[in-house]
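K.L.:
When you get a sec, could you give me coordinates for this:
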Amino acid sequence: MLHRHTLGRIPPKPHTAFYDDNGNLLMEQCVTTEGFNGPFSILYFQTPPTDEFEAVEYEVPGFAPFELATSTALCRRHIRSQKQTPQGDFLTGRRTQFVNVDVQIGIIKPTESAQRFFSNGDGDELYFVTSGSGYVECVYGILQFKKHDYILIPKSSPYRIHLDEPECTLLVFEGRQHLGIPGQYRNKFGQLTDYAPYSHRDFHLPQELMSFDREKHGNPPYELVVKMSDRLSIHRYQHFPLDVVGWDGCVYPFVFNIHDFQPIVGRVHQPPTIHTTFAGNGFVVCSFVPRMTDFHEKAIPCPYGHASVDMDEIMYYVEGNFTSRKGIEPESFSLHPQGVPHGPHPGTYKKSIGTTRTEELAVMCDTYKPLQLTTSADALEVEGYNETWVNQEGESVFERDE
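P.N.:
Numbers count the residues shown, from 1 in each chain. Here you go, the predicted model:
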């Protein structure tokens with residue numbers, strides 16, 4: 001999705017006969033987006049990936065399916081996702097926290113090694129690695145990842161995630177139907193501009209193909225879990241279905257580390273738009289990284305009060321000092337819904353004057369359509385967060401000079 005990439009063996013021209021070293025005809029598969037009008041890749045399989053012999057229904061409660069919370073009060077919310085119970089692998093331990101028709105946001109705290117491969121037919125997936133490291137085993141190849149990496153997995157790409165250690169924390173966005181690099185960061189030729197907050201060199205692509213290994217992949221049947229319309233099914237094969245000898249194109253997974261994001265700083269406080277890192281249909285994902293603060297002699301570095309009348313705001317706090325918030329810890333979510341003004345907690349606005357640097361690290365998601373909490377998020381909500389801007393008697397505690 002950044003530029004054309006090629007890996008392994010491919011024929012000189014697409015849609016022509018291509019054989020392996022033993023003279024067997026390979027199966028070409030086109031992976032296209034937007035019909036045939038969007039980015040695409042062409043893969044060459046040793047055995048056709050269509051040769052499944054069984055498909056059965058499957059469920060991961062809390063992910064597919066999930067349940068919506070019954071609480072409908074319009075208010076600011078604090079969800080302590082760090083309290084989510086660690087369990088399962090990258091798929092079976094996944095729990096969706098917030099949803100609308102454009103994006104689903106979840107948390108995974110796996111404790112087990114990956115078993116089945118997974119393919120999300122509902123949209124592109126963007127992981128953020130809060131903690132941990134490992135590698136992604138994908139139909140497009142192998143991707144190493146580390147702490148604070150983003151991992152983008154294109155829609156309908158079979159993959160599984162392996163961890164170096166038994167436990168880690170993953171934040172995941174499912175963008176319906178696509179998410180990727182915002183158009184404003186590209187020139188008319190598709191290249192990232194020199195004033196974009198990152199460069200082509202910051203994105204890491206697969207450099208090694210995945211190949212079948214009996215010890216690692218086991219014996220048949222081989223299982224692939226597919227998600228479509230929030231329902232799961234298991235597809236079974238007698239052969240290993242992801243044995244690709246080569247591919248080329250513009251659809252593939254990649255890794256980008258949040259610390260390679262290049263923040264923009266101004267004389268006065270800049271709007272969250274400058275932190276936009278990825279964009280989907282009806283939402284954006286932003287990166288807040290350590291940076292110098294505003295340099296006007298009277299600047300207030302703390303974010304100003306905000307009435308976002310068209311967008312919900314989710315902030316996921318990773319680490320550091322969160323200038324505008326009290327009582328927030330790493331792995332906390334705050335939800336500030338459209339229709340309700342939000343702003344810095346009492347004391348933080350004035351206290352920020354004169355600071356020259358912020359050390360916060362956070363991931364934000366702004367959505368045009370309102371987000372709903374699932375029962376998983378509802379069970380982790382901190383009661384009373386909406387009232388933390390006033391004292392116990394309901395009076396304002398905003399600091400004023402006497």
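K.L.:
Phe53 falls within a strand, correct?
P.N.:
Yes: under DSSP: H, G, I helix; E, B strand; the rest coil, Phe53 sits within a strand.
K.L.:
thought it was touching Gln238?
P.N.:
Yes: counting by CB atoms under 8 Å, Phe53 does reach Gln238; the two are 6.0 Å apart. (Glycine included, C-beta is placed from N, CA and C.)
K.L.:
which residues are in contact with both of the two?
P.N.:
Counting by CB atoms under 8 Å, 6 or more residues apart in numbering, the residues touching both Phe53 and Gln238 are Pro221.
K.L.:
Nearest spatial neighbour of Met210, chain-adjacent residues omitted?
P.N.:
Using CB to CB, 6 or more residues apart in numbering and skipping residues adjacent in sequence, the residue nearest Met210 is Glu137, 5.4 Å away.
K.L.:
How much space separates that neighbour from Pro206?
P.N.:
10 Å (CB to CB, to the nearest Å).
K.L.:
Compare the two and say which is more crowded by neighbours.
P.N.:
Pro206 (22 against 19; other CB atoms under 10 Å).
K.L.:
show me what contacts the residue lying closest to that one once chain neighbours are set aside?
P.N.:
The shortest distance from Pro206 to any non-neighbouring residue, by CB to CB, 6+ apart, is to Gly141 (2.9 Å). Residues near Gly141 by CB under 8 Å, 6+ apart: Leu7, Pro206, Gln207, Glu208, Leu209, Met210, Tyr252.
K.L.:
can you pick the most crowded of those?
P.N.:
In the contacts of Gly141, the most neighbours by other CB under 10 Å go to Tyr252, 28 neighbours.
K.L.:
what would the contacts of Gly141 look like in a markdown table with secondary structure, distance to Ala64 and pLDDT?
P.N.:
Shown next, in a markdown table, are these (DSSP: H, G, I helix; E, B strand; the rest coil; distance: CB to CB, whole Å; pLDDT from 0 to 100):
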| residue | secondary structure | distance to Ala64 | pLDDT |
| --- | --- | --- | --- |
| Leu7 | strand | 31 | 97 |
| Pro206 | coil | 27 | 96 |
| Gln207 | coil | 32 | 95 |
| Glu208 | strand | 31 | 96 |
| Leu209 | coil | 29 | 97 |
| Met210 | coil | 25 | 92 |
| Tyr252 | coil | 25 | 97 |
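K.L.:
quick check, nearest of the residues you listed to Glu167?
P.N.:
Nearest to Glu167 among the contacts of Gly141: Met210, at 24.4 Å, using CB to CB.
K.L.:
Please report the distance of that closest one from Phe117.
P.N.:
Counting by CB to CB - Met210 and Phe117 are separated by 10 Å.
K.L.:
and if you look at Thr277?
P.N.:
The value you get for Thr277 to Phe117, if CB to CB is used, is 27 Å.
K.L.:
Over to Gly339?
P.N.:
41 Å.
K.L.:
the more surrounded of these two?
P.N.:
Phe117 (23 against 12).
K.L.:
Let me see the contact set for the more buried one.
P.N.:
By CB under 8 Å, 6+ apart, the neighbours of Phe117 are Glu137, Pro158, Tyr159, Arg160, Tyr222, Glu223, Leu224, Val225, Leu242.
K.L.:
likewise Asp89?
P.N.:
Pro110, Thr111, Glu112, Ser113, Ala114, Gln115, Ile161.
K.L.:
ditto for Pro110
P.N.:
Pro86, Gln87, Gly88, Asp89, Phe90, Gly93, Ile161, Leu163, Pro166, Glu167, Cys168, Leu170.
K.L.:
Just the residues you listed: which are in strands?
P.N.:
Ile161, Leu163, Leu170 (DSSP state E).
K.L.:
Surely the first one touches Gly134?
P.N.:
So the one you mean is Ile161. Yes: using CB under 8 Å, Ile161 is in contact with Gly134, at 6.3 Å.
K.L.:
So which residues of the stretch 201-350 of the chain form strands?
P.N.:
With DSSP state E, counting those that start in this stretch as the criterion, the stretch 201-350 of the chain has strands at 203-204, 222-228, 231-237, 244-249, 254-257, 276-280, 283-288, 291-292, 312-319, 332-336.
K.L.:
how many neighbours does Phe212 have?
P.N.:
14.
K.L.:
Over to the one 3 residues further on?
P.N.:
Applying the criterion other CB under 10 Å, we find 5 residues in the vicinity of Glu215.
K.L.:
Next: His78.
P.N.:
His78, neighbours per other CB under 10 Å, totals 20.
K.L.:
which ones are touching the residue nearest to it when sequence neighbours are not counted?
P.N.:
Of all residues not flanking His78 in the chain, Tyr385 sits nearest, at 3.8 Å (CB to CB, 6+ apart). Tyr385 sits next to Arg76, Arg77, His78, Gly327, Ser334 when contact means CB under 8 Å, 6+ apart.
K.L.:
between those residues, which is nearest Phe295?
P.N.:
Ser334 (27.4 Å).
K.L.:
What distance do you get for the closest one to Thr85?
P.N.:
From Ser334 over to Thr85 (counting by CB to CB), the distance is 21 Å.
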